[in-house]
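Peer 1: Here is a sequence together with a model predicted from it:
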Amino acid sequence: MSYLLPLILLACRVESKPEPSPDSGAPDSACTASDWYQDGDGDGFGVGGALSACEQPPGTVAVAGDCNDADATVYPDALVACTSGDGNCDGIADDADADGDHFLGCEECDDSDATAYPGAVELCDGVDNDCDLSTDEDDAVDARAWYTDGDGDGFGAGTAIISCEAPVGAVAFGGDCDDLRAATFPGAEELCNNVDDDCDLSTDEDDATDAVTWNIDYDGDGYGSSAYTTTSCEAPAGWVADATDCLDTNADAHPGAVEACNAIDDDCDGTTDEDDAEDAVTWYLDADADGYGAADVSTLACAIPGGYAATDDDCDDGDDTISPGATESCDGVDEDCDGTADNGAGGSDVTCAARSCEAILEEGASVGDGVYWLDPDGDGDTSDAWQAYCDMTADGGGWTRLYSSLWPYWWDRSDWEDVGTAEDDVYSRLGERADFADGSGVTTWRFDVGNSGTWNTGTRAHYTVWSQAHDAFTDTTDGSDYIYIEGAESTTCSGFNGLHDKLYDSLGTYSLSSDVDSGDGVNCWWMQIVPLTQYVDAVSYPGYLEGYGGPNTHVWQELWVR
């Protein structure tokens, strides 16, 4: 077998041979004996059986293994030439290829290791693989990259150091983006601290271990809802840490808001329209269930509780007939709680007789047209009170009837009781007329006439309303035929204008008091009142005369005062 081998300069290793120990004489039985070997060629390696002695005998060494004790160049691990001999005592001819690496033992540094030979690939294995007299150099194919770890966190930074063994202060892992901060290295926990803790070139990512869960704040009131959440180190616009908003579509509804009576849980406490709502109403206990409460017991609530009322002005909450809404009756009790008894019952009874029908209307005691008790003299003594018929609707209402008659009755009665009831057709209270004048002596009158029916069921044909300050039933004329008193003209023949002074002192065929219209001639005398005698006869004038010159008569007539 032939090999193309590089020219290698082989050098023989010359080593000093160990000096033999001088004879120490007789063995010392007290020493510790050692094994010694005969070294005939003085190369430091002996042969043969061991000689046990406390002191080294001459010509011996402590190391055995010499395969040729007659040649001082032959001993274990000696450098050898490419011959057939065994110059290094490895049991292999020096020109043999013991490890099968195609290099003769004399050409390589270790013929027992097939990976070690000149030009071999250097490995990090503690062997001089390439036989360059250096072991595990930095150019070994499996040498590692090492990085200086300045902060001791197991990750280094900077330029890699290539070597088989780790340099002092270097580690196998690089990529540390801050080698002065031990908590910063690849794979570290990312935190919300404005530092790239895990060296991924991003800072404070959403996956940071202390990232916050933010809640949507749709209505922008500073309170969020957990219906939608996101995780990040900083709050995105429109997101907050709070998640207690119970109505995130209404900025006025959130924890701590003012509760209002609006069917919404404004303060998010789980209850709607509580008693502490800012616009809660004070309700008052209505013990008698008449719709009015008393101030003694009250409560706040948005809606009225059962058994309560909105007002506190019931003056007797134990009697449901007494309340501000009750109708006053003539019984000495203040039913309507206005502080005065019977003041809304004017005219309802003799003890509550009123000054006039107008006074009853103004007092609010009217129950419509009908009979009421009056005491027009207003002296507080109701023993002389009387019943009158009141017109509470026509011409503003409040009219007291002083006189009425239905053909063929004449005005010759002093009281309706002489002929019947207050509703009768024949009725006169003209004697009370002075009590209806105001402080200046002015009295307001209304006179009606009708052609059919009775005074309170028929339709009037003519009427007029006027005021005058003198009494036409007692005053005399000033020498003329009549004294004109203007009234409100409202019907035919320019209307009738007022009661005139009596025209004649003696009884005759004409009326004592009558109306004359200023726009018509003297022949247009109108509406006789208080006829003293029948005109001519009942056949010629079957009613009350309207104008002495004609047959236009009326079935009924009546005089009202207010």
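Peer 2: Here it is on my side, so go on. Bear in mind that the values here come from a model prediction, so they are computed numbers and not experimental data. Numbers count the residues shown, from 1 in each chain.

Peer 1: what does the average pLDDT come to for stretch 261-273?
Peer 2: Stretch 261-273 shows a mean pLDDT of 92 in the predicted model.

Peer 1: What residues of that stretch count as buried?
Peer 2: Neighbour counts using 16 or more other C-beta atoms under 10 Å place Cys261, Ile264, Asp265, Asp266, Asp267, Cys268, Asp273 of stretch 261-273 among the buried residues. Using the backbone N, CA and C atoms, a C-beta is placed for each residue, glycine as well.

Peer 1: Against Asp245, how distant is the residue nearest the centre of the chain?
Peer 2: The residue lying closest to the centre of the chain (C-alpha atoms, centre = their mean) is Ala253, at 0.9 Å. Remark: distance between Ala253 and Asp245 (C-beta to C-beta, to the nearest Å) = 7 Å.

Peer 1: Mutual contacts of those two, please.
Peer 2: Residues touching both Ala253 and Asp245 (C-beta atoms under 8 Å, 6 or more residues apart in numbering): Asp221, Cys268.

Peer 1: follow-up on the earlier one: between which two of the buried residues of stretch 261-273 is the distance greatest?
Peer 2: Of all pairs drawn from the buried residues of stretch 261-273, the widest gap by C-beta to C-beta lies between Cys261 and Cys268 and measures 16.3 Å.

Peer 1: Okay, now the unreliable bits of this structure?
Peer 2: Across the chain, the stretches falling below the confidence threshold (pLDDT under 70) are 1-29, 95, 102, 105, 408-426, 454-457, 470, 472-538, 540-541, 544-552.

Peer 1: For Leu559, state which of the buried residues of stretch 261-273 is nearest.
Peer 2: The closest of the buried residues of stretch 261-273 to Leu559 turns out to be Cys261 (C-beta to C-beta; 59.5 Å).

Peer 1: could you measure the residue nearest to the centre of the chain against Arg181, distance?
Peer 2: Distance check for Ala253 against Arg181: by C-beta to C-beta, it reads 47 Å.

Peer 1: do the same with Asp316
Peer 2: Asp316 sits 86 Å away from Arg181 when distances are taken as C-beta to C-beta.

Peer 1: burial measure for Cys124, as a count.
Peer 2: A count of neighbours around Cys124, defined by other C-beta atoms under 10 Å, yields 18.

Peer 1: Can you verify my assumption that it contacts Asp136?
Peer 2: Yes. Assessed by C-beta atoms under 8 Å, Cys124 is found in contact with Asp136 at 5.0 Å.

Peer 1: who touches both of those two?
Peer 2: Overlap of the contact sets of Cys124 and Asp136 (by C-beta under 8 Å, 6+ apart) consists of Ala143, Cys164, Glu165.

Peer 1: in the stretch 101-250 of the chain, which spans are strands?
Peer 2: Secondary structure of the stretch 101-250 of the chain by DSSP state E, counting those that start in this stretch: the strands cover 144-148, 157-163, 170-171, 212-216, 225-232, 239-240.

Peer 1: Figure out which of those is closest to Ala359.
Peer 2: With distances scored as C-beta to C-beta, the stretch of these nearest to Ala359 is strand 225-232 (68.4 Å).

Peer 1: List the buried residues in the closest one.
Peer 2: Ser225, Ser232.

Peer 1: swap in stretch 343-360?
Peer 2: Buried residues in stretch 343-360, counting neighbours by 16+ other C-beta under 10 Å, are found at 344-349, 352-360.

Peer 1: same deal with stretch 246-257?
Peer 2: Of the residues in stretch 246-257, those scored as buried under the neighbour-count criterion (16+ other C-beta under 10 Å) are Cys246, Leu247, Asp248, Asn250, Ala251, Ala253, His254, Ala257.

Peer 1: what's near enough to touch the fifth one?
Peer 2: Okay, so that is Ala251. Contacts were defined as C-beta under 8 Å, 6+ apart; by that measure Ala251 touches Asp219, Gly220, Asp221.

Peer 1: Is the spatially closest residue to the first one that is not a sequence neighbour in a helix, a strand, or coil?
Peer 2: Leaving aside its sequence neighbours, Asp219 sits nearest to Ala251 (C-beta to C-beta, 6 or more residues apart in numbering; 4.2 Å). At Ala251 the chain is in coil, as set by DSSP: H, G, I helix; E, B strand; the rest coil.

Peer 1: out of the strands of the stretch 101-250 of the chain, which comes closest to Pro76?
Peer 2: Nearest of these to Pro76, taken as C-beta to C-beta: strand 157-163 at 32.0 Å.

Peer 1: Could you tell me which of the contacts of Ala251 count as buried?
Peer 2: Using 16+ other C-beta under 10 Å, the buried members of the contacts of Ala251 are Asp219, Asp221.

Peer 1: Please render the contacts of Ala251 as TSV that adds distance to Glu328 to the earlier fields.
Peer 2: Below are the contacts of Ala251 laid out as TSV (distance: C-beta to C-beta, whole Å):
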residue	distance to Glu328
Asp219	56
Gly220	59
Asp221	55
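
Peer 1: So Asp316 and Arg181 - more neighbours on which side?
Peer 2: Asp316 (19 against 15).

Peer 1: rewinding a little: for the buried residues of stretch 261-273, which one is nearest Tyr389?
Peer 2: When those are ranked by distance to Tyr389 (C-beta to C-beta), Cys261 comes first, at 52.2 Å.

Peer 1: so what's the closest one up against?
Peer 2: Asp273, Ala277, Asp279, Ala280, Val281, Cys302, Ala303.

Peer 1: Spit out the contact partners of the nearest residue to the last one once chain neighbours are set aside.
Peer 2: Leaving aside its chain neighbours, Ala303 sits nearest to Asp273 (7.2 Å; criterion: C-beta to C-beta, 6+ apart). With contacts defined as C-beta under 8 Å, 6+ apart, the neighbours of Asp273 are Glu259, Ala260, Cys261, Asn262, Ala263, Ala280, Cys302, Ala303.

Peer 1: Same question for Asn68.
Peer 2: Contacts for Asn68 (C-beta under 8 Å, 6+ apart) come out as Asp41, Val74, Asp86, Cys89.

Peer 1: tell me how far the ends of stretch 58-68 are from each other?
Peer 2: The straight-line separation of the ends of stretch 58-68 (C-alpha to C-alpha, to the nearest Å) is 19 Å.

Peer 1: Kindly report the same for stretch 184-198.
Peer 2: When the termini of stretch 184-198 are compared using C-alpha to C-alpha, they are 6 Å apart.

Peer 1: now do stretch 227-242
Peer 2: This stretch, stretch 227-242, spans 12 Å end to end (C-alpha to C-alpha).

Peer 1: what does it contact?
Peer 2: Surrounding stretch 227-242, the residues in contact under the criterion C-beta under 8 Å, 6+ apart are 192, 204-208, 210-218, 220, 222-224, 243, 248, 255.

Peer 1: again, but for stretch 321-332
Peer 2: The set of residues that contact stretch 321-332 without belonging to it, under C-beta under 8 Å, 6+ apart, is 288, 290-292, 311, 313-316, 333-338, 341-345, 348-349, 351-352, 365.

Peer 1: What's the separation between Tyr223 and Thr272?
Peer 2: From Tyr223 across to Thr272, the span is 17 Å (C-beta to C-beta).

Peer 1: circling back to that earlier point, among the contacts of Asn68, which one is most surrounded by other residues?
Peer 2: Note: the member of the contacts of Asn68 with the most neighbours is Val74, at 20 neighbours, neighbours being other C-beta under 10 Å.

Peer 1: looking at it, Asn343 is touching Glu363, isn't it?
Peer 2: Yes. When contacts are counted by C-beta under 8 Å, Asn343 is listed as touching Glu363 (6.7 Å).

Peer 1: quick one: contacts for Thr148?
Peer 2: Thr148 is in contact with Gly156, Ala157, Gly158, Ile161, Pro167, Gly169, Ala170, Asp179, counting by C-beta under 8 Å, 6+ apart.

Peer 1: how about the nearest residue to it, chain neighbours excluded?
Peer 2: Among residues not flanking Thr148 along the chain, Gly156 sits closest, at 5.0 Å (C-beta to C-beta, 6+ apart).

Peer 1: Walk me through the domains of this protein.
Peer 2: For the chain, the structural domains run 1-96, 398-561, going by automatic domain parsing.
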